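>>> can't give you the sequence, but here's the structure:
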């Protein structure tokens with residue numbers, strides 16, 4: 001077996017960066033009373049009104065059961081509304097309410113501060129290179145999954 005020091009494993013660095021970003025966003029969203037998955041759901045709903053729970057789960061990179069819990073909690077707070085699809089009655093369309101849009105606007109301001117702060121750590125060329133490198137990671141890893 002070939003061993004590789006943890007310090008050289010890209011997965012460890014990527015995971016640590018993801019955890020640090022999640023913690024920073026969680027702290028930024030705390031005043032709004034939103035979790036990071038709830039915020040992500042509201043953000044995607046703003047761009048895709050009427051999206052199904054399954055499609056929203058894929059967009060937010062969570063499991064369908066997790067998304068159902070997120071949507072239940074958002075619905076109980078009056079931040080979203082779910083109505084049957086016009087033609088496919090067993091599919092619920094999900095939309096932001098005006099309260100949901102208002103909270104998203106406020107929460108997004110704080111989340112964007114985290115993103116801008118992170119981006120400010122890089123020159124424009126470094127930023128572009130990082131996006132390209134991460135895209136290559138995603139492409140490679142997506143291709144390694146077996147059906």
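That came in fine, so what should we check first? Owing to the predicted nature of the structure, the values given are computational and were not obtained by experimental measurement.
>>> What's the first helix or strand after the helix or strand hosting residue 15?
Secondary structure assignment for residue 15, by DSSP states H and E: helix 10-29. Using DSSP H and E, the helix or strand that follows helix 10-29 in sequence is helix 36-47.
>>> Contacts made by that next one with the rest, please.
22, 25-26, 29, 32, 34, 51, 56, 59-60, 62, 66-67, 70-71, 73-74, 79-80, 94-96, 100-101, 103-104, 107-108, 111 (Cβ atoms under 8 Å, 6 or more residues apart in numbering). For every residue, glycine as well, the C-beta is placed using N, CA and C.
>>> Tell me what angle the helix holding residue 15 forms with helix 36-47.
80 degrees (axes from the mean of the first three to the mean of the last three Cα atoms, to 10 degrees).
>>> circling back to that earlier point, ok, of the contacts of helix 36-47, which come out buried?
Buried by 16 or more other Cβ atoms under 10 Å: 25, 29, 32, 34, 51, 56, 59-60, 62, 67, 70-71, 73-74, 79-80, 94-96, 100, 103-104, 107-108, 111, out of the contacts of helix 36-47.
>>> Out of the contacts of helix 36-47, name the ones that lie in strands.
If you go by DSSP state E, the contacts of helix 36-47 have 80, 94, 95, 96 in strands.
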